[in-house]
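In: Take a look and give me a structure for this.
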Amino acid sequence: MIVTLWWLGFFTAFGLCIGSFLNVVVFRLPRGLELSKPTWSFCPQCRTRIAWYDNLPVVGYFRLGGRCRDCGLPISVRYPVVELLTAIIVLLLLDTFFIGQWREGLGGGYDLNNRLVSDWPVFLAHVILFMCLAAMSAIDLEHYWIDIRFTHFAAAAGFVLFAIWTPAHSVGWVRPFDVTSVVCLAVFVTFVLTLLVLDWRIPVADDPLGAPDASDGDATDVVEDSHWPVVPPLVVLGFVLVTSAMSDGGDDAGVWPVIRVVVPLVLLVGVVLRGAATVRASDTEIIEAIEEEAPDARRQTLMELVTLLPAIGVGVGVFCLMRSSFSTSVVDMLHWNPVGEWQPLWGLGTAVSGYVIAAGIGWLVRILSNLGFGREAFATGDIHMMAAAGAVVGWPVVLLGFVVSCVLASAGWVVVLPFKQTRAIPLGPWLLLGFLTATVFYQPLVESTVIQNLLFVVDHVILQNPQESVAVLSAGLLS
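Out: Purely as a prediction, here's the structure:
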């Protein structure tokens, strides 16, 4: 219990500090300001430097009474809310992996120390991913602007950390077949080389509206968010801390563990709904930008498809080669272990496979929807988010999370209709919620009757008896 309490306190403070940094990122990047200049935090109204003792996460906000010490103007409640939500996400991941132990493929152990020592790389990769997605989502919610440098960083972290994390017990994790790893590694390398040959520079942001001026949004930060409550996330944080400490060792049963993780997710949905219901000028501007680019949407999408063809061709060719005797030596190379259980190529193949397949799902959705609707219906920034998530959580989690995201986004759009009429949906926040939900509930989801029947059908359609699979699917969906 003492060990768990110590780590809960540490990761709460860690999450709050990361949230404080994310506030800087969310404010500065869309306004064209540098993160390193100035190196200190400042009031968005009077631009006065904030002293360190006034800049403590959450504490500083309450200490100042929600107002700047120098100009006396209100400080947006969004700042402590973001800090609290970030800490809640970190604790939710800690609970999923090491306290409640919801996921297979982790080492377990007598206490939290042993579990963290055994599997810290996979936990750190998830923390980095969801912190990047949180920053992107906050910007997307306000500006319809996605900075894909976050996805590059999250994907690179996934590549490195999964190349490190290859203990024997991790075979139970979401890992691809050896053939899949080799094919995806070839596809990834080919795609990168294609970009270099074509000298295609990926922009740092998916930004259809153009970044706002540095002077925009200061006042709206106060007016829009002044009624955001701090109490709900503060209460939920306390709830997560107390219940996680009581669940030391993951031995609790029944519905209580589910409640412990559902409550934070419900809070996050509420926060996204509140942000989506806020009327902004960008709501109209994004529709105008999409309509303006509509005549060229199909041609642009076809050009993107042509760029993908070399990687697709190489992937098909490598897959065919892997069905020959050549595959044995390649698989041996994949499982090269220079020290003990460490198999860096196998670990890297896990992350790259997730990245490539998740990106492929995103590109398929974009190509079909853009060609079908004749306008941009799925942005490239969303594909980058899916790819980065795939590199960390794995493509099955991304696929499940994408379905959850679409359901949540559609329901959220209906909920906010009475507050504002807009056809545009910033998908970033809903992708964050979908991926987080699928990460937490991955085991129950894949073990559900519907998913098991679908997997059975896929296996029979491809390899065995299609007629039997149809009957099983019908029975499963009707049960």
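In: C-alpha only now, for contacts and for neighbours.
Out: Will do.
In: Could you point out the helix or strand that follows the helix or strand of the chain with the lowest mean pLDDT?
Out: Least confident element among the helices and strands of the chain, by mean pLDDT, DSSP states H and E: helix 218-225 (a mean of 42). Counting by DSSP states H and E, the next helix or strand C-terminal to helix 218-225 is helix 231-246.
In: and the helix or strand just after that next one with helix 231-246, angle?
Out: Per DSSP H and E, the first helix or strand lying C-terminal to helix 231-246 is helix 256-277. Comparing the axes of helix 256-277 and helix 231-246 via axes from the mean of the first three to the mean of the last three CA atoms, to 10 degrees yields an angle of 160 degrees.
In: Quick one: residues in contact with helix 256-277.
Out: 85, 88-89, 92, 100, 141-142, 232-233, 236, 239-240, 243-244, 412, 415-417, 419-420, 429-430, 433, 437, 440 (CA atoms under 8 Å, 6 or more residues apart in numbering).
In: Filter the residues you listed down to just the ones in helices.
Out: Per DSSP state H, helices hold the following members of the contacts of helix 256-277: 85, 88-89, 92, 141-142, 232-233, 236, 239-240, 243-244, 412, 415-416, 429-430, 433, 437, 440.
In: How about the residue in the protein that sits furthest from its center?
Out: Residue farthest from the centre of the chain, counting by CA atoms, centre = their mean, is residue 325 at 38.8 Å.
In: And that one, how close does it get to residue 427?
Out: 45 Å (CA to CA, to the nearest Å).
In: ok, now residue 194?
Out: The value you get for residue 194 to residue 427, if CA to CA is used, is 28 Å.
In: Comparing these two, which shows the higher neighbour count?
Out: Higher neighbour count among residue 194 and residue 427: residue 427, with 20 against 17, using other CA atoms under 10 Å.
In: Correct me if wrong: that one contacts residue 410.
Out: No: between residue 427 and residue 410 there is no contact under CA atoms under 8 Å: 10.1 Å.
In: Show me the domain layout of the chain.
Out: Here the domain parsing of the chain from automatic domain parsing is 2-39+76-447, 448-479.
In: among the ones you listed, where is the model least confident on average?
Out: Sorting those by mean pLDDT places domain 448-479 lowest, at a mean of 59.
In: List only buried entries from the ones in helices among the contacts of helix 256-277.
Out: 85, 88-89, 92, 141-142, 233, 236, 239-240, 243-244, 412, 416, 429-430, 433, 437, 440 (16 or more other CA atoms under 10 Å).
In: tell me the strands in this protein, going along the chain?
Out: Secondary structure of the chain, counting by DSSP state E: strands at 146-147, 205-206.
In: Just give me how far the first one sits from the chain centre.
Out: Shown here is strand 146-147, whose average C-alpha point lies 13 Å from the average C-alpha point of the whole chain (CA atoms, centre = their mean, to the nearest Å).
In: burial of residue 327, as a residue count?
Out: Around residue 327 there are 18 other residues, counting by other CA under 10 Å.
In: same deal with residue 373?
Out: Using other CA under 10 Å, residue 373 has 12 neighbouring residues.
In: can you check residue 315 too?
Out: Counted with other CA under 10 Å, residue 315 comes out at 21.
In: Quick check: phi and psi on residue 71?
Out: Note on residue 71: backbone dihedrals following degrees, to the nearest 10 are phi -90, psi -20.
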